[in-house]
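1. fold the following and give me the result.
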Amino acid sequence: MFHSSGSFTPPFHNQKNPHLQEEMKVPPWLESLLSTAFFTNCSRHRDTSRNECNMYCLDCMDDAFCFYCRSSAHTDHVVIQIRRSSYHDVVRVGEVEQVLDVSGVQTYVINSARVIFLNQRPLQPKTTTTSSGSKGAHLCEICGRSLSDSFRFCSLGCKLVGIRQKGDTSFVLSNKNDEEEMYNNRCKNHSNSRRRKGTPRRAPFGS
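-> As a prediction, this is how the structure comes out:
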């Protein structure tokens, strides 16, 4: 774009692309995972046991599949297993944190394993009234569900909405590592500065 002074300004100069920023914070398979229907019977293995579709492939980003489909078609792929708690889909933290930054999402212990919910769960009227009226309560920033600890979101789905609305968090592990490294460096520099400031030094004696 040319101005009257003859200078040239590249188009979209210094403008941020919100869609590109979101892609940098959310892996491409996550939204598909959150919208996938699990625990249906596998059409390919109807006459076998363990034929419920409770697995999802991060490489294929397709429909859910069963134990036998994984053995035959996804042996070298990154696959996570979905479980259920009170008719809602959950995933074990130890499994998903290898591919996703789940910081800020409420965790629960079910069958001796830490899990997180994939999506927001319906709120009961009594729960909503109690949560909003209790002082110091931790609430999900998106749906208002009461949380037992100082987390920001009740599920992966709510964190995804939070990223789109605020953009102050991320699902990408590299961003988390960079932020932790920057924080540790700031703390280290601050500690060294205080230590140097508090250490008296004598002037050298003359000969």
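2. so what's the residue nearest to Gln165 when sequence neighbours are not counted up against?
-> Leaving aside its sequence neighbours, Gln165 sits nearest to Ile142 (C-beta to C-beta, 6 or more residues apart in numbering; 7.8 Å). Where C-beta positions appear, they are placed from N, C-alpha and C, glycine not excepted. Listed by C-beta atoms under 8 Å, 6 or more residues apart in numbering, the contact partners of Ile142 are 120, 153-154, 158, 161-162, 165.
3. and the residues you listed, which of them are buried?
-> Neighbour-count burial (16 or more other C-beta atoms under 10 Å) applied to those gives 120, 153-154, 158, 161-162.
4. and which of those residues is nearest to Ser103?
-> The shortest approach to Ser103 among the buried ones among the contacts of Ile142 belongs to Phe153, at 9.8 Å (C-beta to C-beta).
5. and the residue nearest to Gln165, how far is that from Cys57?
-> Separation of Ile142 from Cys57 (C-beta to C-beta, to the nearest Å): 27 Å.
6. before we move on, the earlier item: helices - which of the contacts of Ile142 land there?
-> Per DSSP state H, helices hold the following members of the contacts of Ile142: 158, 161-162, 165.
7. name the nearest of those residues relative to Leu173.
-> Distances from Leu173 to the ones in helices among the contacts of Ile142, taken by C-beta to C-beta, are shortest for Gly162, at 17.4 Å.
8. you'd agree the closest one is up against Cys154?
-> No - in this structure Gly162 lies outside contact range of Cys154 using C-beta atoms under 8 Å: 10.7 Å.
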